[in-house]
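Trainee: mind folding the following:
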Amino acid sequence: MAGAGPELHKGLKQRHLTMIAIGGVIGAGLFVGSGVVIKETGPAAFLTYALTGVLIVLVMRMLGEMATANPSTGSFADYARKALGGWAGFSVGWLYWYFWVIVVGFEAVAGATVLTYWFHAPLWLLSLGLMLLMTATNLFSVRSYGEFEYWFAGVKVAAICVFLVLGTLYVIGAWPNKGFDLSNLTAHGGLFPNGVGAVFSGIVVVIFSMVGAEIATIAAAESPDPERAIARATNSVVVRIAIFYVGSLFLLVVILPWNSAELAASPYVSAFTKMGLPYADHVMNAVVLTAVLSCLNSGLYTASRMLFVLAGRREAPVALITVNGRGVPVWAILTSTVVGFLCVIAAAVSPTTVFSFLLNSSGAIILFVYLLIAVSQLVLRRRTPPERLRVRMWFFPALTILTIVAILAVLASMFFRTDTRSQILLSLLSWVVVLGLYVVTRWRGGSVDVAEVDRSAQGQATRVLVLANETLGADELLDELRTIDAEGRASYFVCVPANPVDTGQAEVKGAVWVWQATVDAARSRLDSTLQILRSQGLDASGDLGDYRPLHALRDAVAGFHPDRIVIATHPEGRSNWLRHGVVDTARKQYDVPVRHVVTTAAAGVRA
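Mentor: Okay, the predicted model is just below:
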């Protein structure tokens, strides 16, 4: 595993991506939470879903425009970084990761609650079982995630389609002993029994049930044709939301009175029961369980990929970019899973304090992410060549600006509602913490700013690590470095392993003095190399490393995060490093170019 390069396998097929995109907008919130929205809004709840759907569609359209022009596993985190700077990319990446790892824990608890309908077992035990199942699925391969999500989404879509067909037949009178009837739209206080304002305030609740459509733009990076996959996913989201959400909600409020107690408890079960269908409770509970597992599966996948990207941008521990032979980011998945397990523990031990705090602290985060997506598109559209815009935002920039205003209005509404004020405040606190971590990360030399992203995309070096076994002459070293950094704009870090054999001290010093002599010789080599670099006005620093060269290189890579590595050794036959395969091993272990300089008495020879 350590030897695998950090490259994700393209194991998702078009059918996987299509179903991920379709199922992404059908969450457990539709099957369960829609009853709450209907109770608060009245028959006009379908209008609330329509308005929310328009907002999601506009965000997806903007995301689709950016994603087709530049497919990326990091997706909107990379676009925010490019448009607004490192702070925005860092914020989007970590906030989105935090949102989904909390969702993973929440859905595990929700799924366990559904299972108690059939199995009498402790809630924590069932939650643990679901977490282990989905973790194993994601660890196996990206294709196994795609297959699970394909069938999970298939069940959700099939259930909604069955309801749409049967519900339509029931409403129009093509049902035994039933005539055409739309009276429930106005018979119990009118279309707006709680006022027109309730239609808009309900958006705060509805928007979270539609979260997930954007996952398709992240998953597309692991498909053979990401541009085509993203274009199809974003173009079809309009129809999916209109049919699955607006259509089914309209049928619900027509079939049953909006103030019906049964509708508020379990809307789809109540509707099927009203239509006289047997075993509706068992069937719909199975569908809800599938929806929960789908969300848990996708949440773990999404969180791990975002963490993988953060590590690749030097904004998370570098070990998280490690992938196994099947192209799966194992440590990123396990790290995300740990947070999910902690949420399950919190739900069992402290459901009203710790678990409630975690849920509230992530409540408005997705709106922050959507806001940054919209602002990023507003900026990047003007920088993108027209020929790269396979998907275009409609009526730019008017609709983009309108979307930004709408998201800000929803956030303001959350603040003024007593039941959601804690969510907006705690979510803002989460963002402040993330921004604080960004400052610390930059101070420690991590995170990639916009200039580095652009230069790296053009193949230019930004951070060069020099592992020195032999003191190079000025011309030798500079000739090599000019081939990878002609403009002299990169930052350099020189690492010299303090090894008695490599420094020559083992041959001339006794055991009592050998280590001090080794350190002195290595320090002299380090100072000499730094002097060469700094004499040319280059930004150079360095330090002594472990006496084992590969360990020294590993530590230097973890601390400096280079995009180029230069290893200087003696000629073959005189070099312990070459005999032990240091250069070859480095090329296998790290995904950055590794250059090898062989030093001779006369000149440096590049390899």
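Trainee: ok, which stretches of the stretch 201-350 of the chain are helices?
Mentor: Along the stretch 201-350 of the chain, the segments classed as helices by DSSP state H, counting those that start in this stretch run 203-209, 215-219, 226-240, 248-255, 261-265, 267-274, 280-312, 330-349.
Trainee: tell me which of those sits most buried.
Mentor: Using mean count of other CB atoms under 10 Å, the stretch among the helices of the stretch 201-350 of the chain with the greatest mean number of neighbours is helix 215-219 (a mean of 28). Heads up, the C-betas are built off the backbone N, CA and C, glycines and all.
Trainee: tell me which residue lies nearest the centroid of the protein.
Mentor: Within the chain, one residue has its C-alpha closest to the average C-alpha position: by CA atoms, centre = their mean, that is residue 306, at 2.8 Å.
Trainee: what's the neighbour count on the residue lying closest to that one once chain neighbours are set aside?
Mentor: By the measure of CB to CB, 6 or more residues apart in numbering, the closest residue to residue 306 outside its immediate chain neighbours is residue 97, 4.5 Å from it. By the criterion of other CB atoms under 10 Å, residue 97 has 26 neighbours.
Trainee: point me to the helix or strand that includes residue 97.
Mentor: Per DSSP states H and E, residue 97 falls inside helix 86-115.
Trainee: same thing with residue 83?
Mentor: If you go by DSSP H and E, residue 83 is part of helix 76-84.
Trainee: packing partners for that helix?
Mentor: Helix 76-84 makes packing contacts with helix 45-69, helix 86-115, helix 280-312, helix 365-380, helix 450-457 when contacts are defined by 3 or more CB pairs under 8 Å, 6 or more residues apart in numbering; DSSP states H and E.
Trainee: what sits up against it?
Mentor: Taking contacts as CB atoms under 8 Å, 6 or more residues apart in numbering, the residues outside helix 76-84 that touch it are 63, 66-67, 70, 72, 88-93, 96, 214, 217, 306, 309-310, 313, 369, 372-373, 375-377, 379-380, 448, 450, 453-454.
Trainee: redo that, cut-off 6 Å
Mentor: Applying CB atoms under 6 Å, 6 or more residues apart in numbering, the external contacts of helix 76-84 come out as 66, 72, 88-89, 92-93, 372-373, 376, 379-380.
Trainee: could those residues go into a markdown table alongside pLDDT and neighbour count?
Mentor: Shown next, in a markdown table, are the contacts of helix 76-84 (pLDDT from 0 to 100; neighbours: other CB atoms under 10 Å):
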| residue | pLDDT | neighbour count |
| --- | --- | --- |
| 66 | 84 | 28 |
| 72 | 58 | 18 |
| 88 | 89 | 22 |
| 89 | 87 | 31 |
| 92 | 90 | 30 |
| 93 | 88 | 27 |
| 372 | 93 | 23 |
| 373 | 92 | 27 |
| 376 | 92 | 25 |
| 379 | 91 | 15 |
| 380 | 88 | 19 |
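Trainee: out of the residues you listed, who's nearest residue 483?
Mentor: residue 72 (28.3 Å; CB to CB).
Trainee: average pLDDT for the helix or strand just after the helix holding residue 97?
Mentor: Note on helix 86-115: by DSSP H and E, the next helix or strand toward the C-terminus is helix 123-140. Looking at helix 123-140 alone, the average pLDDT works out to 84.
Trainee: can you start the count at 15 instead of 1 from here on
Mentor: Okay, using 15 as the starting number, the last item reads as helix 137-154.
Trainee: after helix 137-154, next one along is what?
Mentor: Helices and strands here follow DSSP H and E; after helix 137-154, the next one along the chain is helix 156-186.
Trainee: run the angle between that following helix and helix 294-326 for me.
Mentor: 140 degrees (axes from the mean of the first three to the mean of the last three CA atoms, to 10 degrees).
Trainee: and helix 156-186, what other elements does it pack with?
Mentor: For helix 156-186, the contact count by 3 or more CB pairs under 6 Å, 6 or more residues apart in numbering; DSSP states H and E identifies helix 28-38, helix 137-154, helix 262-269, helix 294-326 as packing neighbours.
Trainee: next, the angle helix 137-154 makes with it.
Mentor: What separates the directions of helix 156-186 and helix 137-154 is an angle of 120 degrees, with the same axes, to 10 degrees.
Trainee: list the buried ones in helix 156-186?
Mentor: Using 16 or more other CB atoms under 10 Å as the test for burial, helix 156-186 gives 156-164, 166-167, 169-171, 173-174, 177-178, 180-181, 184-185.
Trainee: that older thread, show me which of the contacts of helix 90-98 is closest to residue 428.
Mentor: The shortest gap between residue 428 and any of the contacts of helix 90-98 belongs to residue 386, at 16.9 Å (CB to CB).
Trainee: okay, now the residue lying closest to the closest one once chain neighbours are set aside: neighbour count?
Mentor: The shortest distance from residue 386 to any non-neighbouring residue, by CB to CB, 6+ apart, is to residue 94 (4.8 Å). Residue 94 has 28 neighbouring residues, counting by other CB under 10 Å.
Trainee: please apply the same query to the one 4 residues further on.
Mentor: Using other CB under 10 Å, residue 98 is surrounded by 18 other residues.
Trainee: over to residue 563?
Mentor: For residue 563, the tally of surrounding residues (other CB under 10 Å) stands at 25.
Trainee: which SSE is residue 506 in?
Mentor: Here residue 506 is assigned to strand 505-511, by DSSP H and E.
Trainee: and the helix holding residue 111, what does it pack against?
Mentor: Contact analysis of helix 100-129 by 3+ CB pairs under 6 Å, 6+ apart lists helix 90-98, helix 137-154, helix 294-326, helix 344-363, helix 379-394, helix 435-457 as its packing neighbours.
Trainee: among these, which is nearest residue 421?
Mentor: Shortest distance between residue 421 and the helices and strands packed on helix 100-129, using CB to CB, is found for helix 379-394: 4.8 Å.
Trainee: now the angle from the helix holding residue 97 to helix 100-129?
Mentor: With the same axes, to 10 degrees as the criterion, the two stretches helix 90-98 and helix 100-129 enclose an angle of 160 degrees.
Trainee: and helix 90-98, how far out from the chain middle?
Mentor: Distance, stretch centre to chain centre, for helix 90-98: 13 Å (CA atoms, centre = their mean, to the nearest Å).
Trainee: low pLDDT regions in the stretch 15-164 of the chain?
Mentor: Across the stretch 15-164 of the chain, the stretches falling below the confidence threshold (pLDDT under 70) are 15-39, 41-43, 46, 85-89, 155-156.
Trainee: redo that, cut-off 90
Mentor: 15-60, 62-71, 73-103, 107, 110, 112-164 (pLDDT under 90).
Trainee: residue 554 and residue 480: what is the separation?
Mentor: As judged by CB to CB, to the nearest Å, residue 554 and residue 480 stand 9 Å apart.
Trainee: so where does residue 475 fall, helix or strand?
Mentor: According to DSSP H and E, residue 475 maps onto no helix or strand at all.
Trainee: distance check, it against residue 577.
Mentor: Shown here: residue 475 relative to residue 577, a distance of 6 Å by CB to CB.
Trainee: check residue 172 too.
Mentor: Using CB to CB, residue 172 is found at 47 Å from residue 577.
Trainee: run through the helices of the stretch 515-621 of the chain in chain order.
Mentor: For the stretch 515-621 of the chain, the helices defined by DSSP H, counting those that start in this stretch cover 528-548, 563-574, 590-593, 596-603.
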